[in-house]
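Chemist: whatever this is, show me its structure:
(one chain, ligands or ions: 2)
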Amino acid sequence: MIGVLGGTFDPIHSGHLRPALDCFQALGLEEIRLVPLNVAVHRAPPVASSAQRLAMLEAAIAGQPGFVADPRELERPGGSYTYDTLISLRAELGGERPLCLLIGADAFAGFLGWHRPADILGLAHLVVMRRPGASEALDPALESFCSGRLRGRAGDLAETPAGRILFQSVTQIDVSATRVRELIRRGLSPRWLLPDAVISIIAAEGLYR
Ligand SMILES: Nc1ncnc2c1ncn2[C@@H]1O[C@H](COP(=O)(O)OP(=O)(O)OP(=O)(O)O)[C@@H](O)[C@H]1O
Ligand SMILES: O=C(O)c1ccc[n+]([C@@H]2O[C@H](COP(=O)([O-])O)[C@@H](O)[C@H]2O)c1
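Modeler: Ligands and ions are numbered 1, 2, ... in the order given. Here you go, the predicted structure:
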């Protein structure tokens, strides 16, 4: 099984990395593709450039077996829709290998507002990572979308290429990229909320001041 974690990664931080590693290990993934978005379709544009966010991502995962920075959204013009990314991954990987789209609980709460959510489930499983501050209650529409698709064990995802939803417990790390940017803007250290190698790039590029 291959994992896919999309994000703005402005910057990548421990709240992305440790939960991704938890999923990697708990689900027995062969690899995790970390996919920085190019043009956000749902939020303000990132502060750091695509090249800077990719460089920070590559520095963060350097030396971690199975973690792969995947620049396909950065190479695709227009809005970075996850549906298009999964179509492109399927063209590369074929239709049979199970794909697991990792998504934080806060992002999952808005999932039915995404472009072609049901078709996304036709291309991948969804692995919802609990996140501090994100409610675990689902609204009725999301609850009904989940019914019939929910599974309790990682092994259930390996049986089929796509279409199932798993809530995965991960290390709860109360950090967001917004908080990291805010600390730096105020002249405070973000140390230990994200890798030192990423902090070095932020300092060298004068980001987020
Ligand atoms: N601390 C965290 N724990 C679990 N999941 C997280 C955490 N931080 C981010 N994620 C998830 O990682 C993905 C990418 O997140 P993103 O790059 O937007 O980071 P962010 O910290 O939420 O950014 P921002 O504060 O700029 O909105 C999303 O699915 C998000 O829910
Ligand atoms: O495809 C969509 O319609 C869509 C809508 C909202 C978010 N996403 C993706 O969800 C991922 C997490 O988004 P974010 O804002 O938490 O960085 C990122 O890869 C986005 O491109 C995708």
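Chemist: distance from the centroid: which residue in this structure tops it?
Modeler: Gly187 (27.8 Å; CA atoms, centre = their mean).
Chemist: tell me the contacts of Cys23?
Modeler: Counting by CB atoms under 8 Å, 6 or more residues apart in numbering, Cys23 touches Gly3, Leu29, Ile32, Cys100, Leu102, Val127, Met129, Gln168, Val170. All C-beta spots, glycine's among them, are computed from the backbone N, C-alpha and C.
Chemist: again with Asn38
Modeler: Ser50, Glu73, Leu74, Glu75, Arg76, Pro77, Ser80.
Chemist: measure it to Asp84 for me?
Modeler: 11 Å (CB to CB, to the nearest Å).
Chemist: which neighbours do these two share?
Modeler: The contact sets of Asn38 and Asp84 overlap at Arg76 (CB under 8 Å, 6+ apart).
Chemist: if the residue in the chain positioned nearest to ligand 2 is in a bridge, with which residues?
Modeler: In the chain, the residue that lies nearest ligand 2 is Gly6 (2.3 Å; CB to the nearest ligand atom). Here Gly6 sits in beta bridges with Val35, as judged by DSSP bridges.
Chemist: burial count for it?
Modeler: Neighbour count of Gly6, defined by other CB atoms under 10 Å: 20.
Chemist: quick one: the residue farthest from the centre of the chain and Met56, what's the gap?
Modeler: For Gly187, the distance to Met56 - CB to CB - is 20 Å.
Chemist: also Gly148?
Modeler: 39 Å.
Chemist: who has more neighbours out of those two?
Modeler: Met56 (28 against 9).
Chemist: so the more buried one touches Pro46, yeah?
Modeler: No: using CB atoms under 8 Å, Met56 is not in contact with Pro46, being 11.0 Å away.
Chemist: contact residues of this protein facing ligand 1?
Modeler: Proximity of the chain to ligand 1, by CB under 6 Å from any ligand atom, involves residues 7-10, 15-16, 19, 103-104, 106-107, 129, 131, 173, 175-178.
Chemist: need the buried ones from those residues selected in PyMOL.
Modeler: Here is the PyMOL command that selects only those of the residues of the chain next to ligand 1 that count as buried (16 or more other CB atoms under 10 Å):
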select buried, resi 7+8+9+10+15+16+19+103+104+107+129+131+173+175+176+177
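Chemist: tell me which of the residues of the chain next to ligand 1 fall in strands.
Modeler: Judged by DSSP state E, the subset of the residues of the chain next to ligand 1 located in strands is Gly7, Ile103, Gly104, Met129.
Chemist: what is the nearest of these to Pro140?
Modeler: Ile103 (19.6 Å; CB to CB).
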